[in-house]
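Engineer: My questions are about this predicted structure, shown below with the sequence.
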Amino acid sequence: AFSASAYAQSNVTIYGLVDAGLVRESGGAAGSVTKVTSGIGGQSRLGFRGVEDLGNGLQAVFTLENGFKADDGTMDNTTSALFNRQAYVGLKSKELGQLTLGRQYTMLYNALSKVADPFGAGYAGSTKNLFATAGANTRVSNALVYASPVVSGFSAELLYALGEQAGSNKAGRQIGLGLGYAQGPLNVTLAHNKRNQDTAAVGTTPAVIRDEAKNTLLAANYDFKVVKAYFGYAWNKGLNSSPLPVANAFGFRVAPVASTDSNDLVAGVNVPVGTGNLLASYSRKDDKTVRNQDADQWAVGYLYPLSKRTSTYVAYARIKNKNGAGYTVGNNNEAGSGDSAFNLGIRHAF
Amino acid sequence: AFSASAYAQSNVTIYGLVDAGLVRESGGAAGSVTKVTSGIGGQSRLGFRGVEDLGNGLQAVFTLENGFKADDGTMDNTTSALFNRQAYVGLKSKELGQLTLGRQYTMLYNALSKVADPFGAGYAGSTKNLFATAGANTRVSNALVYASPVVSGFSAELLYALGEQAGSNKAGRQIGLGLGYAQGPLNVTLAHNKRNQDTAAVGTTPAVIRDEAKNTLLAANYDFKVVKAYFGYAWNKGLNSSPLPVANAFGFRVAPVASTDSNDLVAGVNVPVGTGNLLASYSRKDDKTVRNQDADQWAVGYLYPLSKRTSTYVAYARIKNKNGAGYTVGNNNEAGSGDSAFNLGIRHAF
Amino acid sequence: AFSASAYAQSNVTIYGLVDAGLVRESGGAAGSVTKVTSGIGGQSRLGFRGVEDLGNGLQAVFTLENGFKADDGTMDNTTSALFNRQAYVGLKSKELGQLTLGRQYTMLYNALSKVADPFGAGYAGSTKNLFATAGANTRVSNALVYASPVVSGFSAELLYALGEQAGSNKAGRQIGLGLGYAQGPLNVTLAHNKRNQDTAAVGTTPAVIRDEAKNTLLAANYDFKVVKAYFGYAWNKGLNSSPLPVANAFGFRVAPVASTDSNDLVAGVNVPVGTGNLLASYSRKDDKTVRNQDADQWAVGYLYPLSKRTSTYVAYARIKNKNGAGYTVGNNNEAGSGDSAFNLGIRHAF
């Protein structure tokens, strides 16, 4: 019984992350709050993936990844999507690259979380607090993604997500592009994301044509060994190009308005200190509309590893909102409720 | 740590299927649509199952099987049922057969998908497009299933699903029967399914007595080696005996009406061609009510294996509706939106 | 491929229970009902857990446990919480004890199900039918739990679950305490649970201050070898200290009212008889309010093991309600619909 089923197991690998801790948020309209929060540094997840060698350097690959909340056991989305983080299948060739279909990350989010942000889009210092990453800017369903092989450090990725609206191939579709260079200490990515917000005609309801949401991000980091330096700069244009994470956290009489023309900046460091790593960053939202609802964020954190798979952490960040802006200090998994937050937690990968 | 947990793993086997591809549907009221679709050939699934030897030829068995959509990561049902495909536990004896309790397939659906249809109830050519398989005709909850041992190729299966309605043992119950013979190149099954549609009295709400839905299917295939031939013929009588997969896909002023007296036919072939297999079938719905809303379907497909576990495929089918019938070309997982559809995809089993 | 992924598997252990059978409930307002029920003896579950050695007697631990219904495949809660049974991560030290964060059991429920009740809070005889275990008395989200090491048989557990309400650290919080002694044949636990039912002020909605729900349980069992004797006595005071499992199962014109001051008693035995074990218990709800809605329960059951992991069972219980009380005979997973019930089923652990 053992050898047979152990063999069966070999087709699938189970992996995951359980990240939980305490979050103290201050400055929100309803007062301070202390919470047990899941996914502070990275969303808690349980995944199933596999790779099958097909011969001639070709492989079949799949990933099914659930996001859950370790604080209350619920799924981490409002629609009970089981594999809300990732769900795809495809083919990978050493020479020709990889083509996958399903629910997948955008190049924009990967560049932000993996290249530009020393906090990796997590903890109180997540640059997501200001950068435009809400909704389909992070992951998109019905997507075809082609990833080129890496040649001399260069790589390219292309995403095409179908709108699936009858009568129009254009309505609701999304296009992504990533160009990367990683060699030695340097890692640079230029990413673009374009979401069509049209809806197709249905019966007597006419089509709705709307402005596209366009986001471009230049992300880079450089490992000086005594310090790893991070940088990111983004251009966001069009309707929903920079959706607000929280509608009106500070209870302003005039609620903040999502910018349709903005630039985002992040600059930070990861410094090995003692057994762990010290993280620090400055992020900025520059709203270029007449409202000029800008915001600054300062953040600091420390990751203390207990093993390769398990770490403890503390982090703190504060945002300064200008001209009625309403940005909040959240973390990887929550949008936040105030203009400052403190985190203390543990993350365990398996 | 390894040996201990590997041993623990041996009690459960993880298995599954990720099937995704492109679907182009044409002829529907809202126009053509191109989609990334999951489960074209067979619903994408993740399952957990186990067998324990209890001695004396007796085994304990269980299966828990989730159906999900690889295109968007959601569960493949509207009620967030986790193990919506199968969930059962039971005992299996070499000599006495198997008795299981839980959510299980009907004999009717197994006969259609495994014996009668060369497309296996999947791809554009799925004979489900015309055959009566909606809802509880495919799987049923609260079911006891007894499967006899196979004796000289003969086998029998009996299903009894409780209605679980207070005050009546009859209301809502479902009964299924399957008689099979499989020997050498021949495989024949006669299946019957009967669903009681009464509801029990609750408080001052009186009981509702309604016509039963009765479905009988004769399914057969024969492997001539150069070609495997398939055949199925069904008799459907009573309320909900042949529910419509789509209410009014073509936008008729008078919507199609579900037949309460119909016959279904399928005839097809699976021909080994090159490395792969060519599938073709003809299906027919013969509505015997005064509305006479008949339909014909022609279908063709090609499966190209990349390994034992991974295949690519193409398929095409077209339906001709008569007298205001509204049947659509779907696939294993979707009901479809038009009278023709093209599929191109990949399926990977693990 | 095998060795690599088998190694990856070793970080996580998959385990579970599939429990299903037939339940016949009698005496309810709508008449008798026969059902296929999941989780009669213990809720059907699928879990993922892991332990990582961090050195120096320190370990990282996690558990993610789903509860499902084997009769229809749905998740066993109304909110589609994936890991509704347990979801936590933490650190365990041989010398200092264990600290975990997440969704966890209360000490109250563990004492009842593991120490006081010979039926283990399952089968028709579950003392939960009368004891106050509904809702957050069983498990609680956003909880920190500290469990001391066991010293000379003594142990202690402390639970603090945050209310997570902005502007108040007290509103909605829950506190639990367990003191245990287990040595040789004796096992005793004293458990306490206190739930604050205040809500914090939100905007112009003022705070609501309400009575706390307080539950204290003394649980004990003693193994005389020819019989294992069980005992439990509980004190329940305050609003929601003893919520009703079913609102008005018997259709009384004046519906039963949840007691705000009650005592619960259980006394029972587990007797090895033949290959299996005979269970029997008497439970009592003593409502000390003016309504005096008391109830008695007599229960008997027999567990017949087919292996260490698989058992079959039968059980029967009957409740006598007094002065308009409306308690019902359920099982581990269902609240029941009448004043008596019979169970016949199978449970398989993996």
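Structural biologist: Happy to help now that I have it.
Engineer: what's the neighbour count on whichever residue of chain A sits closest to chain B?
Structural biologist: For chain A, the residue closest to chain B is residue A:167, as judged by C-beta to the nearest C-beta, at 3.2 Å. No exception for glycine: its C-beta is placed from N, CA and C like everyone else's. Using other C-beta atoms under 10 Å in any protein chain shown, residue A:167 has 15 neighbouring residues.
Engineer: That one touches residue A:198, doesn't it?
Structural biologist: No - taking C-beta atoms under 8 Å as the definition, residue A:167 is not a contact partner of residue A:198, at 11.0 Å.
Engineer: any common contacting residues for these two?
Structural biologist: Taking C-beta atoms under 8 Å, 6 or more residues apart in numbering or on different chains as the criterion, residue A:167 and residue A:198 both touch residue A:207.
Engineer: any idea of the pLDDT on the residue of chain A closest to chain B?
Structural biologist: Looking at residue A:167, its pLDDT reads 91.
Engineer: Equivalent analysis for residue A:11, please.
Structural biologist: pLDDT, read off for residue A:11, is 89.
Engineer: Excluding chain neighbours, give the residue nearest to it in space.
Structural biologist: Using C-beta to C-beta, 6 or more residues apart in numbering or on different chains and skipping residues adjacent in sequence, the residue nearest residue A:11 is residue B:350, 4.0 Å away.
Engineer: residue ranges with poor pLDDT in chain A?
Structural biologist: For chain A, the stretches with pLDDT under 70 are A:1-10.
Engineer: make it 90
Structural biologist: A:1-11, A:76-80, A:132-137, A:201-205 (pLDDT under 90).
Engineer: residue contacts, the closest residue to residue A:30 other than its chain neighbours?
Structural biologist: Nearest non-adjacent residue to residue A:30, counting by C-beta to C-beta, 6+ apart: residue C:166, 3.7 Å away. Neighbour list for residue C:166: A:28, A:30-33, A:337, C:200, C:202 [criterion: C-beta under 8 Å, 6+ apart].
Engineer: Can you convert these into JSON lines and add a column each for neighbour count?
Structural biologist: Shown next, in JSON lines, are those (neighbours: other C-beta atoms under 10 Å in any protein chain shown):
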{"residue": "A:28", "neighbour count": "22"}
{"residue": "A:30", "neighbour count": "17"}
{"residue": "A:31", "neighbour count": "17"}
{"residue": "A:32", "neighbour count": "17"}
{"residue": "A:33", "neighbour count": "22"}
{"residue": "A:337", "neighbour count": "24"}
{"residue": "C:200", "neighbour count": "21"}
{"residue": "C:202", "neighbour count": "14"}
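Engineer: Farthest pair within these?
Structural biologist: Pairwise distances across the contacts of residue C:166 peak at 13.7 Å for A:32 and C:202 (criterion: C-beta to C-beta).
Engineer: Quick check: phi and psi on residue A:109?
Structural biologist: phi -70, psi -40 (degrees, to the nearest 10).
Engineer: quick one: it and residue A:139 touch, right?
Structural biologist: Yes - counting by C-beta under 8 Å, residue A:109 touches residue A:139, with 7.2 Å between them.
Engineer: all helices of chain A, in order?
Structural biologist: Per DSSP state H, chain A carries helices over the ranges A:2-9, A:107-111.
Engineer: just checking, what packs against the shortest one?
Structural biologist: Looking back up the chat, that one is helix A:107-111. Helix A:107-111 sits against strand A:174-183, strand A:186-195, strand A:213-223, with contacts defined as 3 or more C-beta pairs under 8 Å, 6 or more residues apart in numbering or on different chains; DSSP states H and E.
Engineer: would you put the C-alpha positions of stretch A:60-76 in CSV?
Structural biologist: Backbone C-alpha positions of stretch A:60-76 (Å, rounded to 0.1, in the frame of the first residue of the first chain) are rendered in CSV as follows:
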residue,chain,number,x,y,z
ALA,A,60,3.5,19.8,-18.7
VAL,A,61,3.0,22.0,-15.6
PHE,A,62,0.1,23.0,-13.4
THR,A,63,-0.5,25.0,-10.3
LEU,A,64,-3.7,25.3,-8.1
GLU,A,65,-3.3,27.7,-5.2
ASN,A,66,-5.8,28.6,-2.5
GLY,A,67,-5.6,31.7,-0.4
PHE,A,68,-7.0,31.5,3.1
LYS,A,69,-7.1,33.4,6.3
ALA,A,70,-5.3,31.6,9.2
ASP,A,71,-7.1,33.9,11.8
ASP,A,72,-10.6,32.6,11.1
GLY,A,73,-10.2,29.7,8.6
THR,A,74,-12.1,31.4,5.8
MET,A,75,-11.1,31.7,2.2
ASP,A,76,-9.5,34.9,1.3
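Engineer: Could you see whether chain B lies near that stretch?
Structural biologist: Yes - for stretch A:60-76, a contact with chain B is found by C-beta under 8 Å from any C-beta of the partner chain, at A:60, A:62, A:64.
Engineer: and chain C, which of those residues contact it?
Structural biologist: Filtering those for proximity to chain C by C-beta under 8 Å from any C-beta leaves nothing.
Engineer: Make TSV out of the residues you listed and add neighbour count and distance to residue C:346.
Structural biologist: Converted to TSV, those look like this (neighbours: other C-beta atoms under 10 Å in any protein chain shown; distance: C-beta to C-beta, whole Å):
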residue	neighbour count	distance to residue C:346
A:60	25	38
A:62	28	34
A:64	27	30
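Engineer: Now flag whichever of the residues you listed is closest to residue A:15.
Structural biologist: After measuring these against residue A:15 - C-beta to C-beta - the closest member comes out as residue A:64, at 10.8 Å.
Engineer: Please tell me how far the closest one sits from chain C.
Structural biologist: Using C-beta to the nearest C-beta, to the nearest Å, residue A:64 is found at 13 Å from chain C.
Engineer: thinking that residue is in contact with residue A:81, fair?
Structural biologist: No - using C-beta under 8 Å, residue A:64 makes no contact with residue A:81, being 11.4 Å away.
Engineer: Identify the contacts common to those two.
Structural biologist: residue B:73.
Engineer: mind listing the strands in the stretch 51-200 of chain A by residue range?
Structural biologist: Taking DSSP state E, counting those that start in this stretch as the test, the strands found in the stretch 51-200 of chain A are A:58-67, A:86-93, A:97-105, A:139-147, A:154-161, A:174-183, A:186-195.
Engineer: closest to residue C:290 out of these?
Structural biologist: When the strands of the stretch 51-200 of chain A are compared by C-beta to C-beta, strand A:58-67 sits nearest residue C:290, at 50.4 Å.
Engineer: So which residues on the stretch 101-250 of chain A come close to chain B?
Structural biologist: For the stretch 101-250 of chain A, the residues in contact with chain B (C-beta under 8 Å from any C-beta) are A:101-103, A:141-144, A:162, A:164-169, A:200-203.
Engineer: This completes my enquiry, with thanks.
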